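Chemist: A structural model of the following input is requested.
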Amino acid sequence: MKTHYKLQGTPNSPVLIFSNSLGSEMMMWDELVPHLLPYFRILQYDTRGHGGSETTPGPYSIEKLGKDVIELMNDLDIETAYYCGLSMGGLIGQWLGLNHPNRFKKLVLSNTGAKIGNDERWNTRIETINKQGMQAIANETMERWFTEDFRRHKPQRVADTKAMFLRCNTAGYTSCCAAIRDADFREKVQNISVETLIITGDEDPVTNVEQAEFLANKIPFAHLKVLHARHLTSTELPKEYAHTLIDFLVGDTTYAKGMHVRRTVLGNAYVDKANEKINAFNTDFQSFITNYAWGEIWTRPNLSKHSRSLITIAMLIALDKKAELKLHLKAALNNGVTVSEIKEVILQAGVYCGVPAANEAFASAQELFKEIGVVYENT
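Modeler: Okay, the predicted model is just below:
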C-alpha cells in the first residue's frame, strides 16, 4: 500500500508520529510542528483511503491501519518512536500499544475511546456518504469538531478544515468508518503497557470526558489532560496542545527540556561525559547552560536547529574558540547540516572574520571529519 507521508526534523532527534482523525489529512497537525521540531523528528502521514495515500478496496480494520504504521516505520528504518493519534488515530494507537509495545516509547491517545459509537450510527453514516457524498455531513462535522467560539473567531481555519473534509475520498472514508465501527478495545486496554497520555476536549461530543476517563482508569500507566475544545483539540489549541505533548513526552521542567535538546544536538556520549564531571564547583554553571542555553533558547520555535547550528559555527569562528567549534561542527552534523554547508559558512567567515580565522576553522573541520570518518570530497 502506497502511504503518503512527510518526515522533517534533525536526524539525531527521536521520531514523533502523528495519526489523523477520520476525514482528515496530515495537514491537520501543521500548526503544531514548529513547536515540536526542536525536540523531535516529525512523521506525518495520510491514513489509508485519505489524502495522498492509496485507497485500497474496503472495508478496512483498525488492525490493517495499525499495520500500515508499522510498515511505514520499517520502510523508514524507524525502530522506536513516540506516537500521537486523534480519534481514529487514537484507536490505531490502542492497537499499536497492544500489539507492538516495544516499538513505542510513549503513546498519546487524543479525543478517542476504547469503543466509538455503535453499529447503527456507523452504518447510517456509511449509507449517507455512499448516497449523498461528503457534503451531506460537512457542516454538522465542523460543529462537532470545533466550539462555537472557535468557529466564530477562526472562520478561515474552519473553512480550510471543511475543504480538507470535502475532498476526502468517499470510498476511503466509508472503509475507515467500518474500521471504527468494528473496533472495540474495552476489554483489552488494561493490557497496554506503554506509558500513555489521554487528551480530550471538555466540549467534545464525539468522544467525551467520560470515555477519556475510562481509558485513563483502565490503562495502567495513563495520565489524563482535558482541554477547552471540542473534537479536534489539536486544531483549536495548537500551541497548548503542542506544549502538552512536550510536557508529557520530554518533561515539564525547563531543565528536562534543555537536557533532551542538548542530547539530540551534542549526542548522548558527550552529555554523559559532561555530566560525569559535574561537581560542587561547576554544578551551577552546568545547570545554567542546560536551563538557559538549551532549555530556553535552542527550544524556541522560530529558528530551526539546522539554522542555529550554522549561526553558532560562524560565531565560534569569529570568537576563535577551537574546542567549542569542533564540538558544534559535530553537533551541526547531528542537526542535518551538510559538509557543503559547513564549507560555505567557513568561506563566508573568511570574508568577515579574516582569512586566518577561516584557515583555522578549515583545519578544525578536517580534523573532526577525519576523527569521525566523514567523507568530504567533491562537496
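Chemist: State the distance from Gln366 to His223.
Modeler: The spacing between Gln366 and His223, counted by Cβ to Cβ, to the nearest Å, is 49 Å. Just so you know, the C-beta spots here come from the backbone N, C-alpha and C atoms, and that holds for glycine as well.
Chemist: I meant Leu197, not that one.
Modeler: Taken as Cβ to Cβ, the span from Leu197 to His223 is 5 Å.
Chemist: How about His306?
Modeler: For His306, the distance to His223 - Cβ to Cβ - is 32 Å.
Chemist: what's the answer for Leu327, then?
Modeler: 36 Å.
Chemist: circling back to that earlier point, which one's more surrounded, Leu197 and His223?
Modeler: Shown here are Leu197 and His223; by other Cβ atoms under 10 Å, Leu197 has more neighbours (22 against 14).
Chemist: Any idea what that one is bridged to?
Modeler: Val108, His223 (DSSP bridges).
Chemist: That one contacts Ile246, doesn't it?
Modeler: No - judged on Cβ atoms under 8 Å, Leu197 makes no contact with Ile246 at a distance of 11.2 Å.
Chemist: thinking again about what came up before, which neighbours do Leu197 and His223 share?
Modeler: Contact criterion Cβ atoms under 8 Å, 6 or more residues apart in numbering; residues bridging Leu197 and His223 by contacting each: Phe248.
Chemist: how about the strands of the protein, start to end?
Modeler: Counting by DSSP state E, residue ranges of the strands within the chain are 5-8, 15-19, 41-45, 81-86, 104-110, 196-201, 222-227.
Chemist: want to try a markdown table for those strands, with mean pLDDT and distance to Val69 as columns?
Modeler: Converted to a markdown table, those look like this (pLDDT from 0 to 100; distance: least, Cβ to Cβ, whole Å):
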| stretch | mean pLDDT | distance to Val69 |
| --- | --- | --- |
| strand 5-8 | 98 | 10 |
| strand 15-19 | 98 | 7 |
| strand 41-45 | 98 | 8 |
| strand 81-86 | 98 | 8 |
| strand 104-110 | 98 | 10 |
| strand 196-201 | 98 | 16 |
| strand 222-227 | 98 | 20 |
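Chemist: export these to a markdown table and tack on distance to Thr253?
Modeler: Formatted as a markdown table, the strands of the chain follow (distance: least, Cβ to Cβ, whole Å):
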| stretch | distance to Thr253 |
| --- | --- |
| strand 5-8 | 26 |
| strand 15-19 | 19 |
| strand 41-45 | 23 |
| strand 81-86 | 18 |
| strand 104-110 | 17 |
| strand 196-201 | 17 |
| strand 222-227 | 16 |
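Chemist: among those, which is nearest Gln348?
Modeler: strand 5-8 (25.5 Å; Cβ to Cβ).
Chemist: Just to check, Arg48 is in contact with Glu54?
Modeler: Yes - using Cβ under 8 Å as the test, Arg48 is close enough to Glu54 to be in contact (6.8 Å).
Chemist: quick one: common contacting residues for these two?
Modeler: 1, 3.
Chemist: So those two - more neighbours on which side?
Modeler: The residue with more neighbours, out of Arg48 and Glu54, is Arg48; 23 against 15, by other Cβ under 10 Å.
Chemist: does Ala357 really touch Gln348, like I thought?
Modeler: No - using Cβ under 8 Å, Ala357 makes no contact with Gln348, being 11.2 Å away.
Chemist: need the contact list for Gln8.
Modeler: Neighbours of Gln8 in contact, by Cβ under 8 Å, 6+ apart: 33, 37, 41-42.
Chemist: An error on my part: the question was meant for Ala293.
Modeler: Here Ala293 is in contact with Gly258 (Cβ under 8 Å, 6+ apart).
Chemist: how about a cut-off of 10 Å?
Modeler: 258, 261-262 (Cβ atoms under 10 Å, 6 or more residues apart in numbering).
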